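Chemist: okay, structure incoming, though there's no sequence with it:
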């Protein structure tokens, strides 16, 4: 069989893709890669379809041994990356030969490393997607994170990729994940009318901090308390990026593995492309909110996806 | 009906501001219309008590055009009940060994176990929303006499199949999960079944009736205490 033997899986390595769609009416979450910029860029550099599956690595020490030739690309968080103990660069493609060992060491900036291979891993989809949602036991390999001794099959490359292309992203397009303050652009939406002008002003003029309550479901912030006139609302569908304000007044940004419905008032929604940036930020990062209008937001999102067409 | 911005690629349609049978029927009929439309640009359609969230392809619609399309499609949505709806019967064993809160319910509501069973199992419930967990269906309305509020401290683990009450709602835990609802019985009926193509035998359009069975029957069906 051709593929990667997982020598060491790291604590939380997941098989992902763009996500699982069309089942939210049953409470099945979308899941999918947290940082679409990094994931889609890896696929683009490999000339892969944008929805090809990919590994999302949240902790260091992932070691893979190739039993066959392939081409890979590592993107996302800055990390130590070795092929046969030789230090390599992220955001570019490398041909891998049978017997090579690939290692992701320490993550030094950002939160999630992406590792893609040419044409993806040959793992059957579950309900239309490879995206792993551990709490639902759906996707990936038997609904779980990747474990040591797992096998990640891929198809043998008949022609060396590097004979055709050598793909490296221009450094100017490599994101930095360490700026002091990350600004998230917000569309006022949902129950925004239940927040007074004063509360909105507080929301847009305060500096929040990313707390340790940050996972694939959501990111809880701490800072200035925001109050809604509503105590709770009738449970309703929750969009990617929506900002819940629970009773303690501390905003929660809902991300890829969010619950499909919920009953907290929402002041608005962070635009998708800024959620991808948030996905790479560490606990303690300072966050500001800035309003954006729907026309501009949609143009920006379209531009984003057109880059990867 | 009101269509509001939800996020960069989604809108939420509100059919009223309260929970009622009429609103629920309007949501169900609108949900049906949206699905029958088979519009590929509708990416997710999430119905709930009084609303439907629609996420859409922004390369097909912008906020303005999706609002127009949805308004046109749904402006005459009725609140008529679908007469073809068949009722799904679900066998439940109501017993103190599985109904972790049954005894407390008797005390709080001042009713016997038999009375609670009769009250819970004699109504046909509508599904108002599915969420929280895959296949967790919020059903209403439970008789006022047994409509008690959630536990103050949720349990760390409620066994799969537990039949529960919270206020005027009832539900079945589709998998082991933490939760704060009052447990009164247990069923072997699968609300979330990965073997099914549809993933679940129920939908927001389903009507549910609970059917009391004996412990022996429950065990024969593969139930566990």
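Modeler: Sure thing, it's come through. What you see is a predicted model, and the numbers here were worked out from it, not measured in a lab. Numbers count the residues shown, from 1 in each chain, chains lettered A, B, ... in the order given.

Chemist: how about the residues of chain A that lie near chain B?
Modeler: A:21-28, A:30, A:126-127, A:136, A:138, A:187-190, A:234-242, A:259-262, A:269, A:271-272, A:294-295, A:297-298, A:301-302, A:305 (Cβ under 8 Å from any Cβ of the partner chain). Every residue, glycine included, has its C-beta placed from N, CA and C.

Chemist: need the contact list for residue B:75.
Modeler: By Cβ atoms under 8 Å, 6 or more residues apart in numbering or on different chains, the residues touching residue B:75 are residue B:1.

Chemist: so residue A:162 lies in a helix, does it not?
Modeler: Yes: assessed by DSSP: H, G, I helix; E, B strand; the rest coil, residue A:162 belongs to a helix.

Chemist: before we move on, the earlier item: whichever of the residues of chain A next to chain B end up buried, select them in ChimeraX.
Modeler: A single ChimeraX command suffices to select whichever of the residues of chain A next to chain B are buried according to 16 or more other Cβ atoms under 10 Å in any protein chain shown:
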select /A:21,23,24,25,26,27,28,30,126,127,136,138,187,188,189,190,234,235,236,237,238,239,240,241,242,259,260,261,262,269,271,272,294,297,298,301
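
Chemist: in strands, which of the residues of chain A next to chain B fall?
Modeler: A:187-188, A:236-237, A:242, A:261-262, A:269 (DSSP state E).

Chemist: ok, and the closest non-adjacent residue to the residue of chain B at minimum distance from chain A?
Modeler: Taking Cβ to the nearest Cβ, chain A has its nearest neighbour within chain B at residue B:53, 2.7 Å off. Excluding the flanking residues, the one nearest residue B:53 by Cβ to Cβ, 6 or more residues apart in numbering or on different chains is residue A:237, at 2.7 Å.

Chemist: tell me the secondary structure at residue B:32.
Modeler: Classification of residue B:32 using three-state DSSP returns helix.

Chemist: how about it: what's its closest non-neighbour residue?
Modeler: Residue B:32's closest residue in space is residue B:205 (Cβ to Cβ, 6+ apart), at 6.9 Å.

Chemist: about what we covered before: tell me if the residue of chain B closest to chain A really is in a strand.
Modeler: Yes: residue state for residue B:53 (three-state DSSP) corresponds to a strand.

Chemist: let me see the contact set for it.
Modeler: A:236-239, B:6, B:10-13, B:44-46.

Chemist: how about the helices in the stretch 101-250 of chain A?
Modeler: Assigned by DSSP state H, counting those that start in this stretch, the helices in the stretch 101-250 of chain A fall at A:161-164, A:197-205.

Chemist: pick out the shakiest of those helices, pLDDT-wise.
Modeler: If the helices of the stretch 101-250 of chain A are sorted by mean pLDDT, helix A:161-164 sits at the bottom with a mean of 74.

Chemist: residue A:143: what's it in contact with?
Modeler: Contacts of residue A:143 by Cβ under 8 Å, 6+ apart are A:126, A:132-134, A:136-137.

Chemist: so how far is stretch B:21-38 off the chain centroid?
Modeler: 15 Å (Cα atoms, centre = their mean, to the nearest Å).

Chemist: average pLDDT for it, rounded please.
Modeler: 95.

Chemist: would you mark the buried spots in that stretch?
Modeler: B:23-32, B:34.

Chemist: give me the low-pLDDT residue ranges for the stretch 201-309 of chain A?
Modeler: Across the stretch 201-309 of chain A, nothing is flagged by pLDDT under 70.

Chemist: what about residue A:3, neighbour count?
Modeler: Residues lying near residue A:3 (other Cβ atoms under 10 Å in any protein chain shown) number 22.

Chemist: list the contacts of the closest residue to it other than its chain neighbours.
Modeler: Spatially, and ignoring its direct neighbours in sequence, residue A:3 is nearest to residue A:153 (3.7 Å; Cβ to Cβ, 6+ apart). Residue A:153 sits next to A:1-3, A:121-123 when contact means Cβ under 8 Å, 6+ apart.

Chemist: any chance of these in CSV, with pLDDT too?
Modeler: Formatted as CSV, the contacts of residue A:153 follow (pLDDT from 0 to 100):
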residue, pLDDT
A:1, 85
A:2, 94
A:3, 98
A:121, 98
A:122, 98
A:123, 98
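
Chemist: of these, grab the buried ones for PyMOL.
Modeler: The buried residues among those can be selected in PyMOL (16+ other Cβ under 10 Å) with this line:
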select buried, chain A and resi 2+3+121+123
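
Chemist: and of the contacts of residue A:153, the nearest to chain B?
Modeler: Distances from chain B to the contacts of residue A:153, taken by Cβ to the nearest Cβ, are shortest for residue A:123, at 16.2 Å.

Chemist: chain B versus the nearest residue to that closest one once chain neighbours are set aside, what's the distance?
Modeler: Among residues not flanking residue A:123 along the chain, residue A:130 sits closest, at 5.9 Å (Cβ to Cβ, 6+ apart). Distance, residue A:130 to chain B, by Cβ to the nearest Cβ, to the nearest Å: 15 Å.

Chemist: assess the claim that residue A:130 and residue A:141 are in contact.
Modeler: No: if you go by Cβ atoms under 8 Å, residue A:130 and residue A:141 don't touch, sitting 9.4 Å apart.

Chemist: which pair in the contacts of residue B:53 spans the largest distance?
Modeler: Greatest spatial distance in these: A:238 and B:13, 14.6 Å, computed using Cβ to Cβ.

Chemist: thinking again about what came up before, among the contacts of residue A:143, which pair sits farthest apart?
Modeler: A:126 and A:134, at 12.9 Å, using Cβ to Cβ across the contacts of residue A:143.

Chemist: quick one: the strands in chain B?
Modeler: Using DSSP E, strands in chain B cover B:2-7, B:10-14, B:42-47, B:51-56, B:87-93, B:124-130, B:137-140, B:155-158, B:162-166, B:169-172, B:177-179, B:182-186, B:207-213.

Chemist: and the ones you listed: which comes nearest residue B:79?
Modeler: Nearest of the strands of chain B (Cβ to Cβ): strand B:124-130, 12.5 Å.

Chemist: that closest one to strand B:42-47, inter-axis angle?
Modeler: On the basis of axes from the mean of the first three to the mean of the last three Cα atoms, to 10 degrees, strand B:124-130 is oriented at 140 degrees to strand B:42-47.

Chemist: what's strand B:124-130 packed up against?
Modeler: helix B:21-36, strand B:137-140, strand B:207-213 (3 or more Cβ pairs under 8 Å, 6 or more residues apart in numbering or on different chains; DSSP states H and E).

Chemist: redo these as CSV? Include distance to residue A:83.
Modeler: Compiled in CSV, the helices and strands packed on strand B:124-130 are given as follows (distance: least, Cβ to Cβ, whole Å):
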stretch, distance to residue A:83
helix B:21-36, 49
strand B:137-140, 50
strand B:207-213, 56
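
Chemist: for residue A:148, find the nearest of those.
Modeler: Across the helices and strands packed on strand B:124-130, closest to residue A:148 is strand B:137-140 (Cβ to Cβ), at 38.2 Å.

Chemist: the closest one and chain A in contact?
Modeler: Yes: contact between strand B:137-140 and chain A, assessed by Cβ under 8 Å from any Cβ, occurs at residue B:138.

Chemist: for residue A:166, which non-adjacent residue is closest in space?
Modeler: Nearest one to residue A:166, counting by Cβ to Cβ, 6+ apart, is residue A:93 at 6.6 Å.

Chemist: what about that neighbour, which SS state?
Modeler: Residue A:93 ends up strand, using three-state DSSP.
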